[in-house]
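Trainee: All I have is the shape, not the residue letters:
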């Protein structure tokens with residue numbers, strides 16, 4: 001459940017400028033300001049003479065600011081306005097702390113939480129040290145309320161500083177103050193978003209020990225934690241505990257469970273909960289429908305997804321962009337771009353504005369279909385609607401141009417990404433390594449890999465596989481094998497793709513025995529070879545004419561339960577025909593057809609080239 005926020009009438013957007021850490025320590029404060037000047041400053045504030053304050057702001061010292069704040073301690077509204085007007089100055093820790101305690105006394109929590117975020121982001125002081133400083137300021141100002149501690153923790157939560165928030169929670173407990181349940185809920189929500197489920201349970205247990213009463217939001221969060229852990233039976237039990245505690249489950253409670261089931265692919269269980277909601281008098285909303293629509297579309301059950309969408313509309317619910325995006329994504333994954341664009345047009349017609357996610361999905365699909373021009377037009381439309389590319393958009397575009405081999409455009413987008421202040425990710429660099437290696441610019445690809453890993457990008461399996469593939473395709477097998485050892489050094493576990501790529505490279509070089517050793521190494525490491533692994537070896541032996549070894553691998557493939565594929569038979573037939581074993585090749589062709597595998601042009605070309613008595617072969621007829 002989202003907490004309701006109340007907008008205060010004052011504008012605190014400029015507070016961030018007022019609380020930025022100076023790059024060098026501030027100079028020592030000058031002698032105390034004359035009483036008349038101090039009095040004039042306070043009089044100007046009390047009379048809202050803000051132009052004078054703005055004029056005076058650059059000359060104010062931290063000591064003068066602290067004195068002014070102290071004298072205005074009973075007027076938090078004026079303090080907030082004063083801080084807004086001195087945005088060219090740099091208050092010290094004492095001034096920040098005094099200001100924060102005073103602003104915490106305002107009716108709305110938003111100004112204090114916003115100020116907390118500004119102070120935290122400035123890195124003027126550590127979170128725990130500032131927390132301690134707040135105690136000193138409370139005593140100096142003679143403030144009994146401990147709410148400033150809550151707002152500080154909530155500011156940490158909004159900046160996703162989970163560990164620091166938990167540390168301050170414990171510090172607050174040691175001081176003998178209990179955090180508000182809203183503060184605890186903020187922390188629990190953060191732990192949930194970051195997938196720190198264990199930390200969520202630790203905090204929940206601490207709330208129980210401290211007798212901090214849960215509310216409906218607390219129960220909904222913990223039910224969400226259980227769903228994320230896949231413990232759906234316990235989640236339903238928790239709904240029972242919630243009712244025993246006197247809280248009635250609401251639509252958010254059930255939406256959490258429905259969405260949890262859908263995210264795990266358990267659509268039928270989600271639909272069962274959907275039915276229970278109606279029995280209990282809780283009416284599903286667009287989020288409930290959306291979870292099931294999304295789950296059905298992800299599962300490839302598009303017709304059912306559309307049916308559920310139509311049912312939602314029939315029940316008087318207005319579809320959201322998220323609902324439309326689920327259908328658009330589903331049809332894009334199916335390759336039905338026409339239908340995807342129909343839903344895009346429908347949402348616009350009904351006044352639902354496409355989101356960045358809408359455009360990202362469509363642009364990605366257009367690139368996958370090779371429709372780069374249409375994708376470019378859609379980007380212009382997106383930007384015309386005031387939307388800026390995000391990291392996902394850039395990665396889609398860079399990957400799209402890399403797939404089409406447009407190195408120049410891909411690197412132009414990388415430069416644009418950096419200018420916009422968007423940090424490239426592993427996905428970005430993996431695409432660029434791929435396009436460079438595809439363009440036979442392997443040195444540049446290897447150099448890029450070295451550069452980004454040296455600059456702090458941790459390569460993952462996909463990035464390593466792209467580099468290995470590049471070396472293999474460009475005939476640098478020694479370098480490719482060195483990359484495999486580098487993976488071991490970095491503790492990145494290779495997969496079957498890694499080994500298959502290396503095996504294919506070795507077989508291209510005629511080093512089938514070395515490829516065979518890699519197959520054995522795969523098994524030793526607990527990586528199961530797939531049909532590509534075996535077909536690679538079969539093809540390698542066949543090309544070399546070692547048909548005995550090729551059939552031995554084929555039999556091994558049969559023994560572990562893999563059925564031969566078109567590639568298996570083509571490799572064997574090609575090898576037999578090269579050895580002038582036309583009769584055996586024809587027998588293999590018959591076996592292939594009997595298994596329901598249709599020969600292709602490569603099959604017949606191999607047979608024609610390898611069979612001496614072509615007329616007899618044609619006369620008998622081909623299967």
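Mentor: Nice, I can see it. Note that the structure is predicted; figures quoted are calculated from it, not measured. Numbering: from 1, shown residues only.
Trainee: Give the burial count for residue 562, as a bare number.
Mentor: By the measure other C-beta atoms under 10 Å, the count of residues near residue 562 is 17. From N, CA and C alone the C-beta is placed, and that goes for glycine too.
Trainee: swap in residue 413?
Mentor: 25.
Trainee: for the helix or strand where it lies, packing partners?
Mentor: Element membership for residue 413, per DSSP states H and E: helix 407-419. In this structure, helix 407-419 packs against helix 391-403, helix 426-438, with contacts taken as 3 or more C-beta pairs under 8 Å, 6 or more residues apart in numbering; DSSP states H and E.
Trainee: which of the residues in the first one are buried?
Mentor: Meaning helix 391-403. Under the neighbour-count criterion of 16 or more other C-beta atoms under 10 Å, helix 391-403 has 392, 393, 394, 395, 396, 397, 398, 399, 400, 401, 402, 403 buried.
Trainee: packing partners for that helix?
Mentor: helix 356-368, helix 372-384, helix 407-419, helix 426-438.
Trainee: Relative to residue 535, which of the ones you listed is closest?
Mentor: Set against residue 535 and scored by C-beta to C-beta, these come closest in helix 426-438, at 22.8 Å.
Trainee: Give me the number of neighbouring residues for the spatially closest residue to residue 567 that is not a sequence neighbour.
Mentor: Nearest residue to residue 567, sequence neighbours excluded (C-beta to C-beta, 6 or more residues apart in numbering): residue 535, at 4.8 Å. The number of residues packed near residue 535 is 25, by other C-beta under 10 Å.
Trainee: Tell me which residues are up against the helix or strand that contains residue 535.
Mentor: Using DSSP H and E, residue 535 maps to helix 531-544. Here helix 531-544 makes contact (C-beta atoms under 8 Å, 6 or more residues apart in numbering) with 496, 499-500, 503-504, 506-507, 510, 512, 515-516, 519, 522, 547, 549-550, 553-554, 556-557, 562-563, 565, 567-568, 571-572, 574-576, 578.
Trainee: what about burial for those residues, which qualify?
Mentor: Judged by 16+ other C-beta under 10 Å, buried ones among these: 499-500, 503-504, 506-507, 512, 515-516, 519, 522, 547, 549-550, 553-554, 557, 562, 565, 567-568, 571-572, 574-576, 578.
Trainee: From the residues you listed, which land in helices?
Mentor: 499-500, 503-504, 506-507, 512, 515-516, 519, 522, 547, 549-550, 553-554, 557, 567-568, 571-572, 574-576, 578 (DSSP state H).
Trainee: So, low pLDDT: which residues of the protein?
Mentor: Scanning the chain for pLDDT under 70 picks out 1-37, 87-90, 609-623.
Trainee: Spatially central residue in it, please.
Mentor: Nearest to the geometric centre of the chain sits residue 392, at 9.3 Å (C-alpha atoms, centre = their mean).
Trainee: Am I right that that one is in contact with residue 360?
Mentor: Yes: at 5.3 Å, residue 392 counts as touching residue 360 under the criterion of C-beta atoms under 8 Å.
Trainee: helix or strand for residue 468, which one?
Mentor: Per DSSP H and E: helix 461-473 holds residue 468.
Trainee: so after that helix, what's the next helix or strand?
Mentor: Counting by DSSP H and E, the element after helix 461-473 in chain order, helix or strand, is helix 477-489.
Trainee: thinking again about what came up before, and the residue nearest to residue 567, how far is that from residue 542?
Mentor: According to C-beta to C-beta, to the nearest Å, residue 535 stands 10 Å off from residue 542.
Trainee: Next, the angle from the helix holding residue 413 to helix 391-403.
Mentor: With axes from the mean of the first three to the mean of the last three C-alpha atoms, to 10 degrees defining the directions, helix 407-419 sits at 160 degrees from helix 391-403.
Trainee: following the helix or strand harbouring residue 290, which helix or strand comes up?
Mentor: Per DSSP H and E: residue 290 is located in helix 286-298. Sequence order places helix 302-314 as the next helix or strand after helix 286-298, per DSSP H and E.
Trainee: Can you list the buried residues in that following helix?
Mentor: Result for helix 302-314 [16+ other C-beta under 10 Å]: buried residues 302, 304, 305, 306, 308, 309, 312.
Trainee: List the contacts of it.
Mentor: In contact with helix 302-314 (C-beta under 8 Å, 6+ apart) are residues 286, 289, 292-294, 296-297, 319, 323, 326-327, 330-331, 334.
Trainee: again, 10 Å this time
Mentor: Here helix 302-314 makes contact (C-beta atoms under 10 Å, 6 or more residues apart in numbering) with 267, 271, 274, 284-286, 288-290, 292-299, 301, 317-319, 323-324, 326-327, 330-331, 333-334, 336, 339, 343, 350.
Trainee: hmm, which of those residues are the buried ones?
Mentor: For those, buried by 16+ other C-beta under 10 Å: 267, 271, 274, 284-286, 288-290, 292-298, 317, 319, 323-324, 326-327, 330-331, 333, 339, 343.
Trainee: which non-adjacent residue is nearest residue 271?
Mentor: In space, residue 271 is closest to residue 292, 6.5 Å off (C-beta to C-beta, 6+ apart).
Trainee: wouldn't that neighbour be in contact with residue 277 here?
Mentor: No: contact criterion C-beta atoms under 10 Å: residue 292 and residue 277 do not qualify, at 11.5 Å.
Trainee: Pull up the overlap in contacts between those two.
Mentor: 258, 284.
Trainee: if you go through the stretch 151-300 of the chain in chain order, where are the strands?
Mentor: In chain order, the stretch 151-300 of the chain shows no strands, with DSSP state E, counting those that start in this stretch as the criterion.
Trainee: which residues of it fall in helices?
Mentor: 162-174, 181-193, 197-209, 216-228, 232-244, 251-263, 267-279, 286-298 (DSSP state H, counting those that start in this stretch).
Trainee: Format those helices as TSV; extra columns: distance to residue 86.
Mentor: Formatted as TSV, the helices of the stretch 151-300 of the chain follow (distance: least, C-beta to C-beta, whole Å):
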stretch	distance to residue 86
helix 162-174	27
helix 181-193	29
helix 197-209	38
helix 216-228	37
helix 232-244	48
helix 251-263	42
helix 267-279	53
helix 286-298	44
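Trainee: In stretch 526-541, which residues are buried?
Mentor: Quick answer for stretch 526-541 (16+ other C-beta under 10 Å): 527, 529, 531-541.
Trainee: Of the residues you listed, which pair is most distant in space?
Mentor: 527 and 541 (21.4 Å).
Trainee: Contact partners for residue 258?
Mentor: 227, 251, 267, 269-274, 276-277, 284, 287-292, 295.
Trainee: Look up which helix or strand residue 64 falls in, please.
Mentor: Taking DSSP H and E as the criterion, residue 64 maps to helix 62-71.
Trainee: now for whatever helix or strand comes next after that helix, which elements pack on it?
Mentor: Where DSSP H and E defines the elements, the next helix or strand beyond helix 62-71 is helix 76-85. Where contact means 3 or more C-beta pairs under 10 Å, 6 or more residues apart in numbering; DSSP states H and E, helix 76-85 is packed against helix 15-18, helix 35-46, helix 50-56, helix 62-71, helix 93-103, helix 110-122.
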